[in-house]
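Visitor: the following block contains a protein sequence and its predicted model.
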Amino acid sequence: MRSSSATKPHWIVPTHYRMRAGSFAYAFLFCALHLREGDYSIWFWAFSVVQFLVYPHIAYWRARSAKDTQKAELQNLLLDNFVLGGWSAALGFPLWITFTLFITSSISCTISLGRPGLVKSIATFGGGSLLGIALVGLQVSANDDPLVTLMCALGLSVYLMSIAHIAFTRTSSLRKLTERLKQSEGQLQQANEVLSKRLVEIQALQAQLHEHANRDPLTGLYNRRYLQTTLERELARCRRLGLPLSLMIIDMDHFKSINDKFGHNAGDEVLRQLGLLLNEGARLEDVPCRYGGEEFVLLFPNMSPEIALKRGEQRKRPVNPP
């Protein structure tokens, strides 16, 4: 089963494959022109065909099948330098051919690997040249055929223009990608701002819902549910700290007669007014609650029964039935 990296190779693999296949095929033409008057065996020409016309496809297959496609392709570039150095030596180091083979392979390595790539390309090209000298001996042919020189100059120009086109294409792609990233960043920032506002609204709504869940909607006092929760907590705290805790229950006498005579709206208003009075007289730590109907509870943390009794006496108001 192929790995995902082999299925989708790094972008340099297909790019270098096209460049390698085209440039090696063109190199085969001007090398063949250079060798056309020599007496070479069929095996030499067969090896030339394999080297310049078959090798690029083998290198592509190797890189594409590798686990790390980018690393394999960079190794192929160094191998290109090595074999081209060997062919330069085998051809007798003709000036334009050697220069064209060296400069094109060195540019490819430098673009892909930077300054270390240039150093490695020089080293591998030199290593290939030494191997070629060891196999065929040192031959130097400084003079180039005019047609070969023209083809080398033309091929080198096309190669450099192709490199420039690839660089322009990659730069344009990166520029567009940068612009899209900036747009996405702006959109993400706007989305974050909207999300932050929504989060603040949700938190406010949650606080409001929590407040409504603990408050009596008519009087604004705490409700019975909140009283039960708070009473358990305050009892535990007072026991732990040895503090007093007082509780006052208030019941409105003859409240039913108010509803019967003046209606429920009037009764509700009486309850609201009582709630306001209880809130106004409460300390910050006190818990005024509507327990249910006309019954109210005042919870006094850290207050002795004697003080709570005095406060209760102050709040008592005799009410005669209507």
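Guide: Arrived safely.

Visitor: which elements pack onto the helix ranked longest in the chain?
Guide: Longest helix of the chain, by residue count under DSSP state H: helix 146-214. For helix 146-214, the packing partners by 3 or more Cβ pairs under 8 Å, 6 or more residues apart in numbering; DSSP states H and E come out as helix 12-35, helix 95-113, helix 224-241. From N, CA and C alone the C-beta is placed, and that goes for glycine too.

Visitor: pull out the buried positions in the next helix or strand after the second one.
Guide: In other words, helix 95-113. As assigned by DSSP states H and E, the chain's next helix or strand after helix 95-113 is helix 115-136. Neighbour-count burial for helix 115-136, counted by 16 or more other Cβ atoms under 10 Å, picks out 117, 120-121, 124-125, 128-129, 131-133.

Visitor: avg pLDDT for helix 115-136?
Guide: What helix 115-136 shows for mean pLDDT is 91.

Visitor: picking up where we left off before, between the buried residues of helix 115-136, which is nearest residue 182?
Guide: residue 117 (31.3 Å; Cβ to Cβ).

Visitor: shouldn't the closest one be in contact with residue 107?
Guide: No. Counting by Cβ atoms under 8 Å, residue 107 is not a contact partner of residue 117; they are 9.5 Å apart.

Visitor: can you add distance to residue 22 and give the buried residues of helix 115-136 back as a markdown table?
Guide: Putting the buried residues of helix 115-136 into a markdown table (distance: Cβ to Cβ, whole Å) gives the following:
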| residue | distance to residue 22 |
| --- | --- |
| 117 | 21 |
| 120 | 23 |
| 121 | 19 |
| 124 | 21 |
| 125 | 20 |
| 128 | 21 |
| 129 | 24 |
| 131 | 26 |
| 132 | 24 |
| 133 | 29 |
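
Visitor: farthest pair within these?
Guide: Greatest spatial distance among these (Cβ to Cβ): 117 and 133, at 24.3 Å.

Visitor: how many residues are close by residue 242?
Guide: For residue 242, the neighbour count with other Cβ atoms under 10 Å is 6.

Visitor: whoops, I mixed them up, residue 304
Guide: 13.

Visitor: now it. Nearest residue, chain neighbours left out?
Guide: Closest residue in space to residue 304, ignoring its immediate chain neighbours: residue 244 at 4.7 Å, by Cβ to Cβ, 6 or more residues apart in numbering.

Visitor: state the distance from that neighbour to residue 237.
Guide: 12 Å (Cβ to Cβ, to the nearest Å).
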